[in-house]
Each structure stands twice: as structure tokens, then as C-alpha cells.
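*Asks:* Give me coordinates for this.
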Amino acid sequence: MNKQFLIIGLVLSLVIGFLVGLKKFNSSNIQNNIEDDSVQQKDSSNNQSGQQSDLNQGVYYLFVGEGCGHCEKVENYIEQNNLKEKKKIEILEVFAQKANQKIYLKAFEKCGKEKPQNISVPVLYYNGNCMSGDVDIIEELK
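*Replies:* From the prediction side, this is the model:
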């Protein structure tokens with residue numbers, strides 16, 4: 001019986017250690033992507049204009065990441081309430097799209113905030129203001 005608990009504890013420790021290491025590895029890769037100066041085209045399927053964005057007044061910029069559950073909540077809220085038809089909203093994926101990462105950093109600069117060490121999403125930028133978290137963003141979009 002004690003051997004079973006010991007084995008279970010060891011396996012759990014290994015799994016937790018692996019997950020923590022994987023998260024640090026992904027954060028490190030994302031940070032490297034932020035600092036990489038190469039330019040890729042913006043994902044035009046998520047960008048209404050399909051052109052390079054310059055954080056225009058009156059436009060909501062929602063920064064999201066693929067696989068982000070909180071981002072999906074916000075995106076689902078926008079879709080379910082047809083908000084793209086009522087407001088100017090650009091949804092920009094920032095984990096893989098380097099051009100969007102630059103816009104993300106520009107948004108933080110315009111909000112008067114320090115450059116983030118890692119990309120954290122969802123973030124909404126609107127007219128010089130930034131907010132994060134699905135609950136606050138959805139409340140702002142109501």
C-alpha cells in the first residue's frame with residue numbers, strides 16, 4: 001500500500017515538473033518571437049481590414065492567442081452578440097503572428113504601460129486604454 005502511494009506521488013511529481021517546464025519553454029519561445037524583428041503578414045482572416053494596423057481611434061483591438069480559453073470566451077461573446085456588425089473590432093492572434101506581436105507591444109506603449117515580459121492574453125485596446133481578462137473585456141464590450 002505504501003509503495004502504491006510512493007509510486008503515485010513520484011508519477012505526479014514528474015507530470016507536474018514536465019508541465020511547469022513546458023510552460024516556461026513556451027513562454028521563452030513567445031518572448032523570443034516578440035524580440036524577433038522579422039516581419040510576417042498579419043492573419044487577415046482575423047483582421048477586418050487585412051492591412052497593417054496602426055491602432056486607430058474608435059477601433060477595438062482584441063489580442064488573443066490560439067488555444068487560450070479566456071480568449072475563446074471573449075471571441076464567442078463577440079460572435080454570439082454580432083458585435084463586429086455593431087462596433088469596429090479587430091481580433092489579432094499574437095502567439096504565432098509576429099506582426100501582431102508588434103501591434104500588441106505598441107498598444108501597451110500607448111496605454112503608458114511597460115513592455116510585458118511575456119505575452120498575456122486576452123487584452124483589449126481601445127482609444128489609449130488597455131484591459132485584460134475575459135470578464136472585464138466582455139463588460140467593456142457590452
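*Asks:* just the helices in the protein please.
*Replies:* Along the chain, counting by DSSP state H, helices occupy 2-35, 69-80, 83-86, 98-110, 134-141.
*Asks:* and those helices, which one is worst for confidence?
*Replies:* Lowest mean pLDDT within these: helix 2-35, at a mean of 60.
*Asks:* who's in contact with His70?
*Replies:* 121-122, 133-134 (CB atoms under 8 Å, 6 or more residues apart in numbering). C-betas here are computed from N, CA, C, even on glycine.
*Asks:* Mind doing that once more with 7 Å?
*Replies:* Going by CB atoms under 7 Å, 6 or more residues apart in numbering, His70 touches 122, 133-134.
*Asks:* next one: Lys110
*Replies:* So Lys110 contacts 55, 128 (CB under 7 Å, 6+ apart).
*Asks:* if I look at it, how far off is Glu72?
*Replies:* Between Lys110 and Glu72 the distance, using CB to CB, to the nearest Å, works out to 26 Å.
*Asks:* Could you single out the nearest of the contacts of His70 to Leu55?
*Replies:* Among the contacts of His70, Pro122 lies closest to Leu55 (CB to CB), at 16.5 Å.
*Asks:* Correct me if wrong: that closest one contacts Val64.
*Replies:* Yes: at 5.4 Å, Pro122 counts as touching Val64 under the criterion of CB atoms under 7 Å.
*Asks:* More neighbours: which of those two?
*Replies:* Per other CB atoms under 10 Å, whichever of Pro122 and Val64 has more neighbours is Pro122, with 25 against 22.
*Asks:* Excluding covalently adjacent residues, which one is nearest to the more buried one?
*Replies:* Residue nearest to Pro122 in three dimensions, not counting chain neighbours: Cys71, with 4.5 Å by CB to CB, 6 or more residues apart in numbering.
*Asks:* now Ala96
*Replies:* Once flanking residues are discounted, Ala96 sits nearest to Glu66: 6.5 Å by CB to CB, 6+ apart.
*Asks:* still on that earlier bit, between Pro122 and Val64, what contacts are shared?
*Replies:* Joint contacts of Pro122 and Val64 (CB under 7 Å, 6+ apart) are Cys71.
*Asks:* any idea of the pLDDT on Ala96?
*Replies:* Reading off the model, Ala96 has pLDDT 88.
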